[in-house]
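1. attaching a predicted model along with its sequence, questions to come.
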Amino acid sequence: MSTEKQPLQRIPLNLITGYLGVGKTTTILNLLNRRPEGEKWAILVNEFGHIGIDQEAFELEEGIQVKELTGGCVCCTLAGKLTPTLMRLIHLAQPDRILVEPTGLGHPAGIFDALSSPDLTPFIDLRATLCLMDPRLLETPEVLGSETFQDQINMADVLVLNQTDLAPAELSRDAREHAANLFPPKQQVVEAVQGQVDPKVLDLVREGHFQARFPAYHEHSHHHSSGTDSDELTPEKPIRRLGRAYGRVSCGWIFHSDLVFPEGVFRFLDSLGPADRVKGVFRTPEGWVLYNRVNNEATLYQLAYRRDSRLEIITDQELDWDHIEDGLLTFATTVSSSPHS
Ligand SMILES: Nc1nc2c(ncn2[C@@H]2O[C@H](COP(=O)(O)OP(=O)(O)O)[C@@H](O)[C@H]2O)c(=O)[nH]1
Ligand SMILES: [Mg+2]
């Protein structure tokens with residue numbers, strides 16, 4: 001007679017991958033909006049930088065639980081943290097589905113390994129992996145040629161061509177053609193604007209496992225240092241965190257919540273010159289605003305978030321971080337009212 005225990009309900013989990021700025025978080029926000037009524041979903045976001053920003057972009061509401069892992073990639077530096085973090089999230093939120101957004105610079109193979117480990121398989125059911133791609137990346141040889149980028153696509157079940165509104169028609173056509181010729185073929189290729197994809201694609205059951213072509217690929221060695229040793233946050237002295245990996249530098253700041261940044265700060269950020277990513281939340285005189293810049297395109301959103309202002313810059317070269325910090329602080333005025341007002 002079998003003494004096996006009743007099998008546990010395994011929680012469907014999807015990876016949402018893709019290069020920096022292709023619209024992973026936007027897609028997750030859209031999927032959350034379209035989740036079946038009454039379902040509770042948990043989101044795990046892995047940020048390359050040390051300062052978590054995405055958690056603030058998700059409006060906290062009932063039925064959504066967000067957890068962030070910052071300061072590296074879950075494929076390597078944070079590999080040991082993935083399993084316990086997921087287990088805690090499952091325990092805490094008891095979600096009906098989990099979506100994981102790995103950093104756009106991370107190789108997906110390590111995450112697949114962790115998710116397929118005996119520690120996690122009793123609890124999670126790995127469903128379709130969505131990889132987002134911006135057709136304009138076809139014109140960016142250093143991205144196109146990178147093993148990480150190729151394996152994000154290689155390991156995906158569903159390829160989403162996103163930001164098709166920004167790509168010239170012929171590039172979108174090339175991307176469709178490229179997608180149709182992938183081997184092994186994808187279960188589905190969909191086109192999207194603002195990550196509007198049908199949640200049905202999440203349950204396309206995986207037919208076997210797509211293989212990484214570059215499983216041992218890690219172009220980086222991680223060196224993390226911090227600009228400030230003490231974590232004491234005052235209006236005069238923000239917390240600064242610097243990290244280096246994958247040939248990229250990330251610098252992040254947390255500013256005291258008494259600081260208010262006028263609109264000029266956004267023009268200052270626009271003027272910083274080339275950066276892969278500039279993302280921040282700021283307390284402004286008009287409320288809290290999310291600034292999100294990919295290459296040279298910036299968007300601003302009003303946020304319900306109220307905690308502290310923070311910023312993260314990812315570039316392929318060292319910038320004058322002191323100058324940027326001083327520049328930002330020049331804009332700020334100090335108030336002593338609660339950030340919640
Ligand atoms: N025009 C346009 N902008 C988009 C689209 N998808 C995302 N974005 C914007 O691109 C920026 C980066 O998106 P985000 O979801 O944060 O990218 P992630 O780094 O992959 O998570 C944000 O400003 C989004 O609003 C799209 O289809 N069209
Ligand atoms: Mg994101």
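-> Yep, that arrived. Ligands and ions are numbered 1, 2, ... in the order given.
2. could you tell me the per-residue confidence at residue 339?
-> What the model reports as pLDDT for residue 339 is 58.
3. quick one: the strands in the stretch 1-150 of the chain?
-> 11-18, 41-47, 64-70, 97-101, 124-126, 130-133 (DSSP state E, counting those that start in this stretch).
4. please identify the most buried of these.
-> Mean neighbours per residue, mean count of other C-beta atoms under 10 Å, is largest over the strands of the stretch 1-150 of the chain for strand 130-133, with a mean of 27. The way it works is simple: take the backbone N, C-alpha and C, and place the C-beta from them, glycine included.
5. that one pairs with which strands?
-> Strand 130-133 pairs in its sheet with strand 11-18 (parallel), strand 158-161 (parallel), by DSSP bridges.
6. relative to residue 289, which of these is closest?
-> Among the strands paired with strand 130-133, strand 11-18 comes nearest to residue 289, with 24.7 Å by C-beta to C-beta.
7. which residue, other than its chain neighbours, is closest to residue 90?
-> residue 123 (5.9 Å; C-beta to C-beta, 6 or more residues apart in numbering).
8. and the helices in this structure?
-> Ranges of helices in the chain, per DSSP state H, are 24-33, 54-57, 79-93, 109-115, 141-144, 147-154, 169-180, 264-270, 321-331.
9. look up phi and psi at the residue nearest to residue 90.
-> phi -110, psi -30 (degrees, to the nearest 10).
10. for burial, what's the neighbour tally of it?
-> 17 (other C-beta atoms under 10 Å).
11. in terms of pLDDT, where does it sit?
-> 93.
12. from ligand 2, how far out is it?
-> 25 Å (C-beta to the ion, to the nearest Å).
13. what's the answer for residue 105, then?
-> Residue 105 is 11 Å from ligand 2, by C-beta to the ion.
14. then residue 144?
-> When residue 144 is compared with ligand 2 (using C-beta to the ion), they lie 20 Å apart.
15. got it, and residue 103?
-> In terms of C-beta to the ion, residue 103 sits 8 Å off from ligand 2.
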